[in-house]
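Q: Next input, structure requested:
(chains A and B)
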Protein chains: 2
Amino acid sequence: MKEIRSIAALAGRFSALPGVGKKTALRYAYAVIDMTEEEVEAFCSALRDVKSSVRLCSVCGNFTDSEVCDICKTRKADKICVVAYPKDVDAIEKSGAFDGVYHVLHGTLSPMDNRTPDDLNIKSLMARLGDASEVIIATNPDVEGEATAVYLARLIKPFGIPVTRIAQGISMGSELEYADAVTISQALGRRTAL
Amino acid sequence: MKEIRSIAALAGRFSALPGVGKKTALRYAYAVIDMTEEEVEAFCSALRDVKSSVRLCSVCGNFTDSEVCDICKTRKADKICVVAYPKDVDAIEKSGAFDGVYHVLHGTLSPMDNRTPDDLNIKSLMARLGDASEVIIATNPDVEGEATAVYLARLIKPFGIPVTRIAQGISMGSELEYADAVTISQALGRRTAL
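A: Just a heads-up that it's a prediction; the model follows:
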């Protein structure tokens, strides 16, 4: 069967989204056929709105629709939590366990992918260290996240500000049986007194 | 953190797509922020194109961008394969095992959801039976698919045209161990001579 050009084109657009394969993209495209014209127009406006209204907070680099984001506007900037991506801010905010401010690097160091410190939002982090009493590095516990954490710690420590790293170990609710070897050895190495 | 209005709005649009939850929708919305303006415009055009160009084939009811679809235009209409949805046509075409024409019902009978024969594309099926030497019912092997198959068979048989149903049993490459009880009992009941 010859594919219908417009459906194939839309599926191609959908497959540019993260984690969307050919089959899923086609399924999404079929769903659009079932939408009303108003819904399709609203979809278009929503796409454009995001592109035109979202920018980066001039202080922390997180997504915002104003000059400075709501978190930077309203919270004390003594504890700065450094994350790789805006979605990590959402994850930590959802936990409700942190009431300080964030700094979004927009990436991690990766010699493999040619991402050097100059490609990350690090300069503006150094500029706001004046008010900080602690910098928490919350990059992912993978090779690049670790490398970024070590790099930042070396950079910040000369300022006399404590730099900490989020704890690594067995996730709550997970089972030892299914944990990978590195996680288990980390959990053992970082064991705490009861 | 107060959500950014435009990101939340776009995520809401994405979550209208099949199988997309809140978390995935937000991930898609973030991906749109990283697109160029040209990409977003192309996405919009693709959405609109599908809505404006795709319609139903006047013969078989499948999606097409002309009056009659390519399959109906080019193939012999002696074998008609009846399916519930356009995506089922794609699945069968991909198998390469069928060279006849299709008829898309756009649904299955479901007293639970108040879907009666009048809601399905059945009238136009009856109108094209003249050329048919066989009607193959390829609805899914679930309660609604079976009910629809039985209903159509009763409707078509008086015309003296053989009505067949796709075989049910253990899928190729799957393991008995993991097959559900109904599938196994069907596979046993419909066993064939070797």
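Q: which residues in chain A form strands?
A: A:55-56, A:63-64, A:79-83, A:101-104, A:134-137, A:163-165 (DSSP state E).
Q: confidence score at the residue nearest the centre of chain A?
A: Geometric centre of chain A, nearest residue: A:Y85, 2.3 Å, by Cα atoms, centre = their mean. pLDDT for A:Y85: 93.
Q: Surely it is in contact with A:H103?
A: No - assessed by Cβ atoms under 8 Å, A:Y85 is found out of contact with A:H103, at 11.7 Å. In this view, the C-beta of every residue, glycine as well, is placed from N, C-alpha and C.
Q: re earlier: in contact with the residue nearest to the centre of chain A, which residues?
A: A:104-107 (Cβ atoms under 8 Å, 6 or more residues apart in numbering or on different chains).
Q: And it, how close does it get to B:D99?
A: 50 Å (Cβ to Cβ, to the nearest Å).
Q: ok, now A:L26?
A: With Cβ to Cβ as the criterion, A:L26 and B:D99 are 22 Å apart.
Q: So which of the strands of chain A has the densest surroundings on average?
A: Comparing the strands of chain A by mean neighbour count (mean count of other Cβ atoms under 10 Å in any protein chain shown), strand A:101-104 comes out on top with a mean of 26.
Q: Report the distance from that one to the chain centre.
A: Its chain's average C-alpha position is 10 Å from that of strand A:101-104, according to Cα atoms, centre = their mean, to the nearest Å.
Q: List the neighbouring strands of it plus their orientation.
A: strand A:79-83 (parallel) (DSSP bridges).
Q: residues making contact with the strand it pairs with?
A: Here strand A:79-83 makes contact (Cβ under 8 Å, 6+ apart) with A:89, A:92, A:98-105, A:125, A:128-129, A:132-139, A:152.
Q: Highest neighbour count among the contacts of A:Y85?
A: Within the contacts of A:Y85, A:V104 tops the neighbour count with 25 neighbours, counted by other Cβ atoms under 10 Å in any protein chain shown.
Q: Quick one: residues contacting that one.
A: A:56, A:60-62, A:83-86, A:88-89, A:121.
Q: Check the burial of A:L129 by counting its neighbours.
A: There are 16 residues near A:L129, going by other Cβ under 10 Å.
Q: ditto for the one 4 residues further on
A: One way to gauge burial is a neighbour count; for A:S133, by other Cβ under 10 Å, it gives 12.
Q: wait, what's in contact with the residue nearest to it when sequence neighbours are not counted?
A: Distances taken as Cβ to Cβ, 6 or more residues apart in numbering or on different chains put A:D78 closest to A:S133, at 4.5 Å, once the chain neighbours are dropped. Taking Cβ under 8 Å, 6+ apart, we find A:D78 in contact with A:100, A:131-134.
Q: Just the closest of these to chain B, please.
A: Nearest to chain B out of the contacts of A:D78 is A:G100 (Cβ to the nearest Cβ; 12.2 Å).
Q: Nearest residue to that closest one in space, ignoring adjacent ones along the chain?
A: A:K79 (3.1 Å).
Q: most residues in a single helix of chain A, which one?
A: The longest helix of chain A (DSSP state H) is helix A:37-53.
Q: That one - contacts with which helices or strands?
A: Packed against helix A:37-53, as judged by 3 or more Cβ pairs under 8 Å, 6 or more residues apart in numbering or on different chains; DSSP states H and E, are the following elements: helix B:5-14, helix B:22-33, helix B:37-53.
Q: would TSV of those helices with mean pLDDT be doable?
A: Below are the helices and strands packed on helix A:37-53 laid out as TSV (pLDDT from 0 to 100):
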stretch	mean pLDDT
helix B:5-14	94
helix B:22-33	93
helix B:37-53	95
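Q: now those in JSON lines, with mean neighbour count?
A: Compiled in JSON lines, these are given as follows (neighbours: other Cβ atoms under 10 Å in any protein chain shown):
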{"stretch": "helix B:5-14", "mean neighbour count": "21"}
{"stretch": "helix B:22-33", "mean neighbour count": "19"}
{"stretch": "helix B:37-53", "mean neighbour count": "17"}
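Q: quick one, which of those helices is nearest to A:V40?
A: helix B:37-53 (4.7 Å; Cβ to Cβ).
Q: how about the nearest residue to A:F43 once chain neighbours are set aside, what does it touch?
A: Excluding the flanking residues, the one nearest A:F43 by Cβ to Cβ, 6+ apart is B:R13, at 4.7 Å. Shown in contact with B:R13 (Cβ under 8 Å, 6+ apart): A:42-43, A:46-47.
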